[in-house]
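Colleague: just need the structure, nothing else, for what follows:
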Amino acid sequence: MRRRLVSSTFLVVMMVVILLGVPLAVLEVRSVDTSTKSVLATESRMLAQTVSMLVSKASLDGTNSGPLSDYDTDLQHMIARTHDATIDVDGQSPIQINSALPPGAPAFSVTYEMDGVLRNVGVRVTVQAPRAPAEDQIRGSMYLIGGVALAVLVAATGLAYLQARRLTKPLEELAATAERLGSGDPRPRHRRYGISELDRVAEVIDSSADRISTMLGAERRLAAEASHELRTPLAALSMRLEEIITLADDPQTVRDEAEVALSQVERLTDVVQRLLTTVRTHRRSDLAVPIEVDTVIRQQVHEWRPAYQSMRRGIVVSGERRLMAMATPGAFSQILSTLLENSLIHGAGTVTVHTRAVGGSVVVEVGDEGDGIAPDLEAKLFERGASSRGSTGLGLAVARELAEADGGRLNLVLQRPAVFAVFLTEHSPLSVIAR
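Modeller: A predicted model of the protein is given here:
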């Protein structure tokens, strides 16, 4: 593209130079010719007038005019040294002045005639000038015109190259950015070039890079969240299947454990569906529906009680009953499951699940009797990857995102011992009308 721009600019400028230079050269040639002939015409007229005056003076004095050659010296001063003149007076022999032109040399020639100087006497003067000086002047003008034309071509080519580089370099950078974007590097360059069209293309590529980066980040978070959120139901399901194997001789117990295992499978299905919904939309608050807080707490306590009993720990539920909150189905279950799992792994003693309604919100607090949260971990507790015992560090981060997606929040309300609080919008007829 750069070569085409330079070539096209060079051709355009050359055409302009030709269209202007050729007429200028022709005009210069004609100007030199006209100027030379004008000088010759002036000299021939002055000579003719002078000779006519001499002839008339001799006639008025009543004397016969002598030969014009007697005035040759005076007449020579009336023309240039490089010019020749031939004077013809009727009744006299022609005289030649200067005779500077070689025979057969190209020359300019101008003739001036005066009739009726005396009765039947006329004067004819022919002045000639060599063409060589005029040709030298024309040649110098041609060199000047050619030099100017060449300088214009060189300058135009240089400017065309700079302009082509200014236009093509951004295109090359945009192509490299697009290629890098296609190879999996979605970092935007945020580079602008001062050309509105190219800046618009750069803005589109940068916005595409931002969208691709967001999509890739969402995919990575989805994979991390899926691995974390599926781990807990799978662990519970594994425990139930082990109970079934251990108690295979008791049909009623097997049936009960199988029902719990089936509920775990349903929960896995709900987790997968919710993760897919998370990918499709960043805002799930419109999917929130009224849920019974007691039912979700009872289900989670029932699932986690065997694990707590195996470690000789207990779970206590207290607080207000029959509370209704607005949340996405399954999201509150996952939040509560994450808090119970964290208390099981990182806490100690009895775990208390306390519910209350405050200022239009339903608050569910989960606390234990352990040592609490380390001071250096408190500031980054809800960040992805924050962990004190080698876990994935995603549980609390995902739980907080789930709560915020439903219009609520998850906070650490007490550091020692650790107490977490989930705040959800309370469901009431007024809240339904507001929504």
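Colleague: where exactly do the helices run in the stretch 51-200 of the chain?
Modeller: 72-76, 132-182, 196-246 (DSSP state H, counting those that start in this stretch).
Colleague: mind putting the ones you listed into TSV with distance to Gly330?
Modeller: (Each C-beta comes from the backbone N, C-alpha and C, glycine too.) Shown next, in TSV, are the helices of the stretch 51-200 of the chain (distance: least, C-beta to C-beta, whole Å):
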stretch	distance to Gly330
helix 72-76	124
helix 132-182	36
helix 196-246	10
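Colleague: dump these to a markdown table, plus mean neighbour count and distance to Arg384.
Modeller: Shown next, in a markdown table, are the helices of the stretch 51-200 of the chain (neighbours: other C-beta atoms under 10 Å; distance: least, C-beta to C-beta, whole Å):
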| stretch | mean neighbour count | distance to Arg384 |
| --- | --- | --- |
| helix 72-76 | 13 | 111 |
| helix 132-182 | 14 | 25 |
| helix 196-246 | 15 | 7 |
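Colleague: which one of those helices lies nearest to Val17?
Modeller: helix 132-182 (4.5 Å; C-beta to C-beta).
Colleague: show the average pLDDT along that closest one.
Modeller: The pLDDT scores in helix 132-182 average 83.
Colleague: repeat that for stretch 87-96.
Modeller: 82.
Colleague: tell me which residues of that stretch are tucked away?
Modeller: 87-89, 92, 95 (16 or more other C-beta atoms under 10 Å).
Colleague: what does stretch 360-374 give?
Modeller: 361-368, 372-373.
Colleague: end to end, how far does that stretch reach?
Modeller: 32 Å (C-alpha to C-alpha, to the nearest Å).
Colleague: excluding sequence neighbours, find me the nearest residue to Ala48.
Modeller: Val125 (4.3 Å; C-beta to C-beta, 6 or more residues apart in numbering).
Colleague: isn't that neighbour up against Leu47?
Modeller: Yes: with contacts defined as C-beta atoms under 8 Å, Val125 counts as touching Leu47 at a distance of 4.5 Å.
Colleague: could you tell me which residues touch both of the two?
Modeller: By C-beta atoms under 8 Å, 6 or more residues apart in numbering, Val125 and Leu47 have these common neighbours: 85, 87, 112.
Colleague: may I ask which helix or strand of this structure has the lowest mean pLDDT?
Modeller: helix 429-434 (a mean of 46; mean pLDDT, DSSP states H and E).
Colleague: tell me how this protein divides into domains.
Modeller: 2-150, 212-282, 284-434 (automatic domain parsing).
Colleague: winner for burial among these?
Modeller: Highest mean neighbour count of these: domain 284-434, a mean of 17 (counted as mean count of other C-beta atoms under 10 Å).
Colleague: which one of the buried residues of stretch 87-96 is nearest to Arg322?
Modeller: Ile87 (140.8 Å).
Colleague: against Ile95, how distant is that closest one?
Modeller: 5 Å (C-beta to C-beta, to the nearest Å).
Colleague: now do the strands in the chain.
Modeller: 84-89, 95-97, 107-118, 121-130, 289-292, 315-319, 324-327, 351-358, 361-367, 409-414, 419-426 (DSSP state E).
Colleague: list phi and psi for the residue nearest to Pro417 when sequence neighbours are not counted.
Modeller: Sequence neighbours aside, Gly372 is the residue nearest to Pro417 in space, at 5.0 Å (criterion: C-beta to C-beta, 6+ apart). Backbone torsions of Gly372, given as degrees, to the nearest 10, read phi 90, psi -160.
Colleague: Gly372 against Arg416, yeah?
Modeller: Yes: if you go by C-beta under 8 Å, Gly372 and Arg416 touch, sitting 3.3 Å apart.
Colleague: so who does Glu28 touch?
Modeller: 138, 141-142, 145.
Colleague: do the same with Arg313
Modeller: Contacts of Arg313 (C-beta under 8 Å, 6+ apart): 344, 348-351.
Colleague: out of those, which sit inside helices?
Modeller: Taking DSSP state H, the ones among the contacts of Arg313 that sit in helices are Leu344.
Colleague: save the contacts of Arg313 as CSV, and put in pLDDT too.
Modeller: Supplementary listing: the contacts of Arg313 in CSV, determined by pLDDT from 0 to 100:
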residue, pLDDT
Leu344, 91
Ala348, 92
Gly349, 94
Thr350, 94
Val351, 96
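Colleague: that older thread, among the shared contacts of Val125 and Leu47, which one lies nearest to Leu150?
Modeller: Ala85 (42.2 Å).
Colleague: show me what the closest one is bridged to.
Modeller: Counting by DSSP bridges, Ala85 is bridged to Ile97, Val127.
Colleague: touching, it and Pro94? I think so.
Modeller: No: the criterion here is C-beta under 8 Å, and Ala85 misses it with Pro94 at 10.3 Å.
Colleague: contacts only, for Asn3.
Modeller: One thing to correct before we go on: residue 3 is Arg, not Asn. No contacts exist for Arg3 under C-beta under 8 Å, 6+ apart.
Colleague: rerun that using 10 Å as the cut-off
Modeller: 161, 164, 168 (C-beta atoms under 10 Å, 6 or more residues apart in numbering).
Colleague: for Tyr161, see how far away it is.
Modeller: 10 Å.
Colleague: name the residues contacting each of Ala85 and Pro94.
Modeller: The contact lists of Ala85 and Pro94 share Thr126, where a contact means C-beta under 10 Å, 6+ apart.
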